[in-house]
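Colleague: Take this sequence and fold it.
(one chain, ligands or ions: 1)
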Amino acid sequence: MTPDLRPGASAEPSAADRRWLMHTYAEPPVTFVRGEGTMLVDERGRRYLDFLSGLAVTSLGHAHPAVAAAVAEQAATLVHVSNLFGNVLAPEVARTLDRLVGGGTEQAGGQVFFANSGAEANECALKLARRWAGAGGAAPRPGVVCAEDAFHGRTLATLAATGQEEKRRPFAPMPEGFVHVPYDDLDALERAVDPSRIGAVLVEPIQGEAGVVVPSSDYLARLRQLCTERGVLLVLDEVQTGLGRTGAWFAFQHLGIVPDVVTVAKALGNGVPVGACWARAEVAAAFSPGDHGSTFGGQPLAMAAARATLAVLEAEDAPRRAERAGARLAAGLAWVDGVDHVRGRGLLLGAVLAAPVAPAVTRAALDAGLVVNAPRPDVLRLAPSLLVSDEEIDQAVGVLADVLPAVLEGGPTP
Ligand code: PLP
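Modeller: Numbers count the residues shown, from 1 in each chain. Coordinates of the predicted model:
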């Protein structure tokens, strides 16, 4: 329905009146006004336990004092100058990210492009892959093999990479060159990776939006081997899994492999929009000045947030905390009546339900003061702050243990 925006068309609008927002999102059930750690507060002053973290973003919890102070100080110093000029923060954050890609103690030997979101980080990776695959006068190999059910973003190229036909269809025609194969299917990959046409394979090490789907333990290692043998780039989308959430700085580190390109975003600014694309130096060298850019990317304000976020993640040993807390949360969830099994790693968990009632459970949990979401009709996603306490974990499990049986008794989600 077209909203009636004429003056006086309705009563005085409230602050949260959404008539002037495009209708790209469902009507929100709650409006939050404040947060602290794992707690959120709505406009009526009601408190909630946040086990979603703004979709795996606020890994240090809300309003972390170190990030808040860094952002406030930078806001009062220098917010933006554009990439026509240098700033002292972007090189430092790039160096730290490169070290974390290297496992935390040694530089990985790559270079970073800063963007403003996960989709933009992936756009950079896709453009870099095309530039690399056509470099040095070689015959261009613009093709990219991606996985079914993958999610890589909403820009046209990242939507083309996204393995969800229903999201792509309304926006046809898509940019060319993207091929989709079933996730976790190496034979299909072997058939699809034709090195005369394909320059890169792009996958998530764990598919987050698809419902926290973890591939077989040898999938990424064999994929790495295939890409090396065929001279194709392995690009890992760690936008959701990166920066400690799965119990390692990056999910690929669980498997001891090294990708050619890694994208990261969500947790990087603890909520301040910032994304990054890391690439091995030889791959990054395919870009020349003028090939890619962003007005805001790498600006001092976002970099101050990223520097502070990374410093706290390191000081808190976030991967170890995620691993420990994730084990407690997974064990608690596994005992909840109505949970069939739990999948995921660290603090990126999917509770697979015995029936497709996840949206109703999400709503009931919210009413009971717990924020989670339902990436699939039968999957609840839990991604709390990496600093979540044991008490908060037990409380969240308690809420689900209360609401889940009640929802299941009420039948499937309408
Ligand atoms: N890649 C993955 C794996 C994601 O989970 C997301 C967002 O959920 C994106 C890319 C897109 O990130 P953004 O929404 O910041 O553009």
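
Colleague: ok now the helix or strand hosting residue 55, how far from the chain's centre?
Modeller: Using DSSP states H and E, residue 55 falls within helix 53-56. Taking the mean C-alpha point of helix 53-56 and that of its whole chain, the gap between them comes to 8 Å (Cα atoms, centre = their mean, to the nearest Å).

Colleague: What are the contacting residues of it?
Modeller: Residues lying outside helix 53-56 but in contact with it, judged by Cβ atoms under 8 Å, 6 or more residues apart in numbering, are 59, 61, 208, 240, 245, 266-267, 271, 348, 373, 383-385. In short, each C-beta sits where N, CA and C put it, glycine included.

Colleague: and the residue lying closest to residue 367 once chain neighbours are set aside, what does it touch?
Modeller: Leaving aside its sequence neighbours, residue 367 sits nearest to residue 403 (Cβ to Cβ, 6 or more residues apart in numbering; 7.9 Å). When contacts are counted by Cβ under 8 Å, 6+ apart, residue 403 is found next to 361, 364-365, 367-368.

Colleague: List the buried residues in the helix or strand encompassing residue 403.
Modeller: Under the criterion DSSP H and E, the helix or strand holding residue 403 is helix 390-409. Within helix 390-409, the residues that count as buried by 16 or more other Cβ atoms under 10 Å are 392-393, 396-397, 399-401, 403-404, 407-408.

Colleague: roughly how far apart are the closest residue to the ligand within the stretch 251-400 of the chain and residue 38?
Modeller: Here the residue of the stretch 251-400 of the chain nearest the ligand is residue 265; by Cβ to the nearest ligand atom that distance is 4.9 Å. In this view, residue 265 and residue 38 are 21 Å apart by Cβ to Cβ, to the nearest Å.

Colleague: Also residue 318?
Modeller: As it turns out, when the distance is counted by Cβ to Cβ, residue 318 lies 14 Å from residue 38.

Colleague: what's the answer for residue 399, then?
Modeller: Residue 399 sits 13 Å away from residue 38 when distances are taken as Cβ to Cβ.

Colleague: what do the two both touch?
Modeller: Residues touching both residue 399 and residue 38 comprise residue 49, with contact defined as Cβ under 8 Å, 6+ apart.

Colleague: quick one: which two of the buried residues of helix 390-409 are the most distant?
Modeller: Using Cβ to Cβ, the buried residues of helix 390-409 span at most 24.4 Å, a distance reached by 392 and 408.

Colleague: Could you find the residue in the stretch 101-250 of the chain that comes nearest to the ligand?
Modeller: For the stretch 101-250 of the chain, the nearest residue to the ligand under the criterion Cβ to the nearest ligand atom is residue 118, separated by 2.3 Å.

Colleague: I figured that residue was touching residue 239, is that so?
Modeller: Yes: in this structure residue 118 lies within contact range of residue 239 using Cβ atoms under 8 Å: 3.6 Å.

Colleague: joint contacts of these two?
Modeller: With contacts defined as Cβ under 8 Å, 6+ apart, the residues shared by residue 118 and residue 239 are 152, 263, 265-266, 275.

Colleague: returning to what we had before: what about the residue of the stretch 101-250 of the chain closest to the ligand, how many neighbours?
Modeller: Residue 118 is flanked by 28 other residues according to other Cβ atoms under 10 Å.

Colleague: From residue 250, how far off is it?
Modeller: Using Cβ to Cβ, we find residue 118 at a distance of 14 Å from residue 250.

Colleague: Give me the most central residue, the protein.
Modeller: With distances taken as Cα atoms, centre = their mean, the chain has residue 240 as the residue nearest its mean C-alpha position (2.4 Å).

Colleague: got a list of what that one touches?
Modeller: Applying Cβ under 8 Å, 6+ apart, one finds that residue 240 lies in contact with 55-56, 118, 204, 206, 208-209, 266, 348.

Colleague: what's the answer for residue 321, then?
Modeller: Neighbouring residues of residue 321 by Cβ under 8 Å, 6+ apart: 244, 386-387.

Colleague: Then residue 309?
Modeller: Remark: with contacts taken as Cβ under 8 Å, 6+ apart, residue 309 is in contact with 59-60, 64, 67, 267-270.

Colleague: where does the closest residue to it other than its chain neighbours fall, phi/psi-wise?
Modeller: Computed as Cβ to Cβ, 6+ apart, the closest residue to residue 309 that is not its neighbour in sequence is residue 270, at 4.3 Å. Note on residue 270: its backbone torsions stand at phi 50, psi 30 [degrees, to the nearest 10].

Colleague: Cool, thanks, signing off.
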